[in-house]
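K.L.:
Just to be clear, the model below is a prediction. Sequence and coordinates:
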Amino acid sequence: MIDVYITFDDGRSDNLDAFKIMKNSGIVGTLFVTCDFVENPSIYNCFGNNRVSLKKNDLQSITAYGNEIASHGFHHQMSTLDFQKSVDYLKSNGFCNGLIGFSVPNSNFSTKELNRFIFENKDFLKYVRIGRNKQCYTLSSKIQYCLYHIFGFQWCFDRFNSHNLIYSKEIFHVNSIVIKNDTRLSSLIRFIDKHSSLDCSLVLMFHSIVEKPSDPWEWSTSDFEKLCIFLSKHSNINCKKMSSF
């Protein structure tokens, strides 16, 4: 049986609708929120022009649905000062308590940097979710990635993302499948179904769910609804929050 973890980064306003869709399907997930994005959304142009952030009451609704709020940094950074500032913010506003999970902003880091960050924050961290496995950046994997996005070959999608299946849980180096605009619903469902009988885990990284995707980090609302229905009805799939990883 496979454990599937649905996660969102940043805290865009449409994430609330996504968590409502999940609630309707009876599944839960994790939101990694950039805390200052909630407080000062206008300064975060990297999240898209005119992108609106979630508000505090939205975060409260998301937790009320049974989901987890975790850290994506206060200023979208991977530093001890920034992370601990986000911890203070999340705890003081009642969004979490105890150890807190962290998603690395931009997934752009060296192993040395990440290990130092983990060591400095070991008393606060519950887990660290990163992006794709480093094997996804080899030449052969890059070729598979390009072939999939040009021709839609399922075997390319499967080979590329097989590196992101988790068989041994290293809680401070959690890989994920990055879901972008050109990720086909059919490919994702076939991949999950193919591995559903295995004793493994799979983390899905989303950013934005909208009716008509136009940005690379947006995914279709209708596709997300269909994915949630598939996950909720599959007898060999457990959908969980990252806090249970």
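P.N.:
Great, that's in hand.
K.L.:
Verify the contact between residue 27 and residue 230 for me.
P.N.:
No - between residue 27 and residue 230 there is no contact under C-beta atoms under 8 Å: 10.5 Å. The way it works is simple: take the backbone N, C-alpha and C, and place the C-beta from them, glycine included.
K.L.:
Low-confidence bits of the chain, can you list those?
P.N.:
45-50 (pLDDT under 70).
K.L.:
picking up where we left off before, quick check on residue 27 and residue 230: which one has the bigger neighbour count.
P.N.:
residue 27 (23 against 16; other C-beta atoms under 10 Å).
K.L.:
how about that one, what does it touch?
P.N.:
6, 228, 231, 232, 239 (C-beta atoms under 8 Å, 6 or more residues apart in numbering).
K.L.:
since we're on the first one, how many residues are nearby?
P.N.:
Here the neighbour count serves as a burial measure; for residue 6 (other C-beta under 10 Å) it reads 27.
K.L.:
which residue packs closest to it, ignoring adjacent ones?
P.N.:
Excluding its sequence neighbours, the residue lying closest to residue 6 (C-beta to C-beta, 6 or more residues apart in numbering) is residue 29, at 3.5 Å.
K.L.:
Mind listing what's buried along stretch 76-87?
P.N.:
Of the residues in stretch 76-87, 76, 77, 78, 79, 82, 83, 84, 85, 86, 87 count as buried by neighbour count, 16 or more other C-beta atoms under 10 Å.
K.L.:
In contact with the first one, which residues?
P.N.:
Put plainly, it is residue 76. 10, 34, 36, 37, 44, 46, 105, 106 are the contacts of residue 76 under C-beta under 8 Å, 6+ apart.
K.L.:
which one of those residues is nearest residue 19?
P.N.:
Checking the contacts of residue 76 against residue 19 by C-beta to C-beta gives residue 10 as the nearest, at 13.9 Å.
K.L.:
Run a quick neighbour tally on the residue nearest to that closest one when sequence neighbours are not counted.
P.N.:
Spatially, and ignoring its direct neighbours in sequence, residue 10 is nearest to residue 34 (5.2 Å; C-beta to C-beta, 6+ apart). If you count neighbours by other C-beta under 10 Å, residue 34 ends up with 28.
K.L.:
is it true that residue 34 touches residue 69?
P.N.:
No - using C-beta under 8 Å, residue 34 is not in contact with residue 69, being 11.6 Å away.
K.L.:
With residue 215 as the reference, measure out to residue 177.
P.N.:
Distance of residue 177 to residue 215, computed by C-beta to C-beta, to the nearest Å: 18 Å.
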